[in-house]
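Chemist: Model the structure of this input:
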Amino acid sequence: MDASIEIIGTTGVDSLNLREVAKVAGVSPGAPYHHFVDRQEIFTEIAKEGFDLLEANMLHGRDSGRKDSIAKLNAIGKAYVSFAVTHPGHFRTMFRVDTHNSEDPELTTSGNKAFEILSQAIAECQNSGQAPTGDPLPLVLHAWSAVHGLSGLLIDGGIKKIPLPQSKLIEMLTKQIGQMFEALALKNK
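Modeler: I've put the predicted structure just below:
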């Protein structure tokens, strides 16, 4: 599986084939078939592992001593982008639903846990008055889309034109999400 993650992280999801996995792993061409039936099974396992790692990163960010709900939300966002940048093979696989078995119950559970962390953080912001009240789903989708988009731009090199260090870009974006939520909460009072 490590060889598969390395290949995907370097050259993308579409470049993965079991013969190349065997070559990178230094094993015989048939060896991957002793562990995986096909590419879909490899992708499913990578996605499960990725969502578990993402959940751990997000929980670590959330629980790293911050008391303020917006600060926790920002930390979760930073953890999300940090995960993507340090685990591009996992990240690219997790959200390519055409590659893995989306009906795998363990995969569904793993993905839902990560989404729930973000949803709970948004609800906490709403309860503290730091985000507008009402249906939290649009806020969750906004925050997720922002950090996911930045993650993709960073790992695929699409943001090289902006002359700022990666850490500064991540800080700017996550801080802005919180500021927008707080501004919307004030506007709706």
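
Chemist: how close does residue 31 sit to residue 23?
Modeler: 10 Å (C-beta to C-beta, to the nearest Å). Quick note: C-beta positions are derived from backbone N, CA and C, even for glycine.

Chemist: Also residue 177?
Modeler: 42 Å.

Chemist: more crowded one of the two?
Modeler: Between residue 177 and residue 23, residue 177 has the larger neighbour count (other C-beta atoms under 10 Å), namely 22 against 14.

Chemist: hang on, isn't the more buried one packed against residue 148?
Modeler: No: using C-beta atoms under 8 Å, residue 177 is not in contact with residue 148; the gap is 12.0 Å.

Chemist: mean confidence for stretch 11-19?
Modeler: The average pLDDT within stretch 11-19 is 79.

Chemist: Identify all contacting residues around it.
Modeler: Outside stretch 11-19, the residues that touch it by C-beta atoms under 8 Å, 6 or more residues apart in numbering are 4, 7-8, 29, 32-33, 36, 38-39, 42-43, 92-93, 96, 99.

Chemist: Span of it from start to end?
Modeler: Using C-alpha to C-alpha, to the nearest Å, the end-to-end distance of stretch 11-19 comes to 15 Å.
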